[in-house]
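here is a sequence with its predicted model. Questions after.
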Amino acid sequence: MTKTVKFWFDPACPFAWITSRWMKEVEQVRDVKVDFNVISLGVLNEGKDDPDDPETHKKWQGARTALAVRERHGAEKVSEFYTAAGTRIHNQGYGLDRYDEALTEALEEIGVEDASEIFEASKQDTYDDGLRESTKAALSLVGNDVGTPIIAIGDSAFFGPVMTRIARGEEAGAIWDGFDALVTFPYFYELKRARNSDLDFS
């Protein structure tokens, strides 16, 4: 029986990107289906970020775009969008400097007919109430002192796991097996250590 796993991401977050690629590997080796949902770094940092800083706007823009795709075209398309945008932002080095390009090219790649409308909406606050609701839904499962990614298995959810490399193939499956066991044990809460390796998106 296929297990549906909810995954909350913001396209700008490199840690969510690596974990999401691990989960895409898990889909290939375990009976798991990932349902991609949007959490907003803009919402998480609201009141802390400088509203005049261009990077603050970009934190909102990527999540707005992802939520618009999900609401207009469904879970499958937002998964495609995340892959297309994340590959450009993280693997191809577009980063936040070329964020507009990454988002517009990703929308074009997934072939949605309203790509230009979605991109224009990402510059406005049209989807901000939805972002707050989606972010609130994720945080209601894990508490407020977290970021992205968040993964929910049934009624149990955790921030992370945080990785600096993408596990592939059966190694990805084995890590999933352990993670699944921990998450679904109702008395497990935290596992953490200091990070001492750089991010690698390959």
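That came through fine.

can you pull the contacts of the nearest residue to Ile18 once chain neighbours are set aside?
Nearest residue to Ile18 in three dimensions, chain neighbours excluded: Met163, at 5.1 Å (CB to CB, 6 or more residues apart in numbering). All C-beta spots, glycine's among them, are computed from the backbone N, C-alpha and C. Counting by CB atoms under 8 Å, 6 or more residues apart in numbering, Met163 makes contact with 15, 18-19, 22.

of the residues you listed, closest to Arg195?
In terms of CB to CB, no member of those lies closer to Arg195 than Phe15, at 9.6 Å.

just confirm the closest one contacts Pro149, I think it does.
Yes - between Phe15 and Pro149 a contact is recorded at 6.7 Å, counting by CB atoms under 8 Å.

when these two are compared, which one has more neighbours?
Legend: neighbour count by other CB atoms under 10 Å for Phe15 and Pro149, higher for Pro149 (26 against 20).

what segments of this protein are helices?
Counting by DSSP state H, the chain has these helices, from start to end: 14-29, 41-44, 54-73, 75-86, 99-110, 115-121, 128-142, 169-183.

buried residues in the fourth one?
Going by neighbour count (16 or more other CB atoms under 10 Å), the buried part of helix 75-86 is 75, 77-86.

which of these scores worst on pLDDT?
In terms of pLDDT, the lowest of those is Ala75, showing 93.

which residues touch it?
By CB under 8 Å, 6+ apart, the contact list for Ala75 reads 35-36.

could you do Ile153 as well?
By CB under 8 Å, 6+ apart, the neighbours of Ile153 are 3, 5, 180, 183-184.

filter the residues you listed down to the buried ones and hand me the ChimeraX line.
Here is the ChimeraX selection string for the buried members of the contacts of Ile153, based on 16+ other CB under 10 Å:
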select :5,180,183
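
now render the contacts of Ile153 as JSON lines, adding pLDDT and distance to Glu113.
Below are these laid out as JSON lines (pLDDT from 0 to 100; distance: CB to CB, whole Å):
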{"residue": "Lys3", "pLDDT": "91", "distance to Glu113": "33"}
{"residue": "Val5", "pLDDT": "96", "distance to Glu113": "30"}
{"residue": "Asp180", "pLDDT": "95", "distance to Glu113": "38"}
{"residue": "Val183", "pLDDT": "90", "distance to Glu113": "38"}
{"residue": "Thr184", "pLDDT": "88", "distance to Glu113": "40"}
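
doesn't Pro14 make contact with His90?
Yes - if you go by CB under 8 Å, His90 and Pro14 touch, sitting 5.7 Å apart.
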